[in-house]
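Quick one: sequence plus predicted model below, questions after.
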Amino acid sequence: MKAKTTFHCQSCGYSSPRWVGRCPDCGGWNSMKEERLSATGKGRPLAIGGLTSKATPLDDIEMVGEPRIWTGIGEFDRVLGGGVVPGSVVLIGGDPGIGKTTLLLQALPRLATNGDHVLYVSGEESPRQIKMRSQRLGIASTGLLILAETSLQEILKAVQELQPTAMVVDSIQTVYTDQLTSAPGSISQVQEVAGQLMWLAKRTGLPVFIIGHVTKEGAIAGPRLLEHIVDTVLYFEGDKGHSYRILRAVKNRFGSTNEIGVFEMKDTGLEEVANPSELFLAERPQKSTGSVVVSSLEGTRPILVELQALVSPTNYAMPKRMANGVELNRVSLLLAVMEKRLGMHLSGQDVYINVVGGMTIDEPAIDLGIVAAVTSSLRERPIDRQTIVFGEVGLGGEVRAISQVELRLKEAVKMGFRRCLLPERNLAKLDPVKGVELIGIREVGEALDSIFI
């Protein structure tokens, strides 16, 4: 039978019998690529060691405690939800050179305990290149096995022979299966390889870490189905110009998706940052206008970050609005509230907002901090260094209650803050905190009167 030719969108996976310039599903231009499927179509998962599956009544399934394998890297274990779950598939994405391979090379040897082996499958680097990197990182382990291979069939044979306790595939875009005739990295290959790796992990209990390339927009390359197949999706974020890196979970079947891990990149590899608040506030200026400290809650961890605002007269008919680390639409909303409720004339001013340290904050608890920073820059009046601000601002100018105030206050006290502005409703439910002046705020105008005494 003649091989079938189809065109697949490399962004969303849409299939079409003929080429079109724009994908009808996701709207992407020039994303349709030709792929040839064998007459038998996609192959089924390869049998490993005679493994089979059968249906089991729900009541007959034996419940055991969810075992976790500790990597010894506390920040990594935190993001994973408390360690690696046997049989889980973890997808890690990030910009080139951000530290994905470094993190896994540091974690893998710690999974090889009691004479066990862990397997690192490299489709991009030779074993000698990986050896050079491991020497620079100070990694020496007889239990870490390196396999330079891109054929999925050969990889599965090696797994059956070596019986490792964990495996890394770097990267999935380089691995291919002979059951498909399309090129490695195509949407069909990525889907098929990910599906067979998932099948392997679930039936053998082998934890599999997959490294994925990212697109120019920062999303993991390949179909969105790839993120649905795996159990956990982690993104490595950070600016190459800075030494710190943030590991963030956007999907996790075994833990919270709000946790983050903070690392610092050094010559010897990635090092954990035990106190991220101290790192992000280390270079805070002494008496600078437009600077305020806010509290962001990432999972169960409160992190204090510096929020900066710059307000300057515009030279254009339409004033500029730019935001780095916070949503621009949220900033525009708050500026409109300031004009309407506080009478501030910002229509002739350019406004720039920046979260120092490369953090991205998407919770409304920093609303009051944005208002305070913009006002400080507009009035050229600095905010006291020992004052911290948090609260959500409504369209009526009211300050609404936020969650987990106790955790945020404990972190503020630990970092030496002596004055805290918070929503009045939260204050009514709090016990007095020794060494900190708590000021309840009902509306935005009261906050500004308390800050700029």
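Structure's in. What do you need?

Quick check: which ranges of the stretch 51-200 of the chain have low pLDDT?
Within the stretch 51-200 of the chain, the stretches falling below the threshold (pLDDT under 70) are 51-53, 63-66.

And the strands in it, which stretches?
When secondary structure is read from DSSP state E, counting those that start in this stretch, the stretch 51-200 of the chain shows strands at 89-94, 118-122, 144-148, 167-170.

Buried by neighbour count: which residues of the shortest one qualify?
Going back to what we said before, that points to strand 167-170. Of the residues in strand 167-170, those scored as buried under the neighbour-count criterion (16 or more other Cβ atoms under 10 Å) are 167-170. For glycine as for every other residue, the C-beta is placed from the backbone atoms N, C-alpha and C.

With respect to K414, which of the residues you listed is nearest?
Using Cβ to Cβ, V168 is the member of the buried residues of strand 167-170 that sits closest to K414, with 36.5 Å.

got the CA positions of stretch 201-219 in PDB?
As requested, C-alpha coordinates have been extracted for stretch 201-219 and formatted as PDB (Å, rounded to 0.1, in the frame of the first residue of the first chain):
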ATOM      1  CA  ALA A 201       7.500   4.700  32.600                       C
ATOM      2  CA  LYS A 202       4.000   3.600  33.700                       C
ATOM      3  CA  ARG A 203       4.600  -0.100  33.300                       C
ATOM      4  CA  THR A 204       8.100  -0.300  34.700                       C
ATOM      5  CA  GLY A 205       8.000   2.400  37.400                       C
ATOM      6  CA  LEU A 206      11.000   4.100  35.800                       C
ATOM      7  CA  PRO A 207      11.000   7.900  36.300                       C
ATOM      8  CA  VAL A 208      11.700   9.600  33.000                       C
ATOM      9  CA  PHE A 209      13.000  13.200  32.600                       C
ATOM     10  CA  ILE A 210      12.500  14.700  29.200                       C
ATOM     11  CA  ILE A 211      14.300  17.900  28.100                       C
ATOM     12  CA  GLY A 212      12.300  19.900  25.500                       C
ATOM     13  CA  HIS A 213      13.400  22.800  23.300                       C
ATOM     14  CA  VAL A 214      11.400  26.000  23.400                       C
ATOM     15  CA  THR A 215      10.100  28.300  20.700                       C
ATOM     16  CA  LYS A 216      10.800  32.000  20.300                       C
ATOM     17  CA  GLU A 217       7.600  32.700  22.400                       C
ATOM     18  CA  GLY A 218       9.000  30.700  25.300                       C
ATOM     19  CA  ALA A 219       6.600  27.700  24.900                       C
END
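
what's the burial count for G369?
30 (other Cβ atoms under 10 Å).

ok, it - contacts?
Taking Cβ atoms under 8 Å, 6 or more residues apart in numbering as the criterion, G369 is in contact with 292-294, 307, 389-390.

Apply 10 Å and report the result again.
If you count contacts by Cβ atoms under 10 Å, 6 or more residues apart in numbering, G369 has them with 292-296, 305-307, 309, 326, 353, 355, 361, 383, 388-391, 393, 421, 447.

Buried residues, the top strand by length along the chain. List them.
When secondary structure is assigned using DSSP state E, the longest strand within the chain turns out to be strand 301-313. For strand 301-313, the buried set under the neighbour-count rule, 16+ other Cβ under 10 Å, comprises 301-311.

hang on, the earlier thing: the contacts of G369 in helices, which ones?
The helices, defined by DSSP state H, take in A447 from those.

and of the buried residues of strand 301-313, the nearest to W199?
Nearest to W199, judged by Cβ to Cβ, of the buried residues of strand 301-313 is R301 at 35.0 Å.

got a list of what that closest one touches?
78, 258-262, 276-277, 407, 411.

Now with 8 Å, please.
With contacts defined as Cβ under 8 Å, 6+ apart, R301 is in contact with 78, 259-260, 276.

just those residues: which has the poorest pLDDT?
When the contacts of R301 are compared by pLDDT, E259 scores lowest at 79.

residues near it, how many?
The burial count assigned to E259 is 21, neighbours taken as other Cβ under 10 Å.

Name the nearest residue to G238, ignoring sequence neighbours.
With Cβ to Cβ, 6 or more residues apart in numbering as the criterion, G238 has its nearest non-adjacent residue at 4.1 Å, and that residue is R245.

Now do the phi/psi pair for R400.
Main-chain torsions, R400, degrees, to the nearest 10: phi -100, psi 160.

ok, now how distant is the closest residue to L137 other than its chain neighbours from I246?
Distances taken as Cβ to Cβ, 6+ apart put G269 closest to L137, at 4.2 Å, once the chain neighbours are dropped. According to Cβ to Cβ, to the nearest Å, G269 stands 16 Å off from I246.

more neighbours, the two?
Counted by other Cβ under 10 Å, G269 and I246 do not tie: I246 has more neighbours, with 23 against 19.

so L448 sits right up against M344, yeah?
No. Shown here, L448 and M344 do not form a contact pair, counting by Cβ atoms under 8 Å, at 9.6 Å.

pretty sure the residue nearest to G238 belongs to a strand, no?
Yes. R245 sits within a strand when classified using DSSP: H, G, I helix; E, B strand; the rest coil.

So it sits against F236, correct?
Yes. With contact taken as Cβ under 8 Å, R245 and F236 are classed as touching, separated by 6.0 Å.

Given the helix or strand following the longest strand of the chain, what are its sheet partners and their directions?
Sequence-wise, the next helix or strand beyond strand 301-313 is strand 321-324, with elements assigned using DSSP states H and E. For strand 321-324, sheet partners with direction are given as strand 349-355 (parallel), following DSSP bridges.

so what does the longest helix along the chain touch, helix or strand wise?
Longest helix of the chain, by residue count under DSSP H: helix 187-204. Applying 3 or more Cβ pairs under 8 Å, 6 or more residues apart in numbering; DSSP states H and E, one finds that helix 187-204 makes contact with strand 4-9, strand 32-37, strand 89-94, helix 152-162, strand 208-212, helix 225-229.

got the contact list for the fifth one?
Applying Cβ under 8 Å, 6+ apart, the set of residues contacting strand 208-212 from outside is 88-93, 100-101, 104, 166-173, 194, 197-198, 200-201, 220-222, 226, 230.
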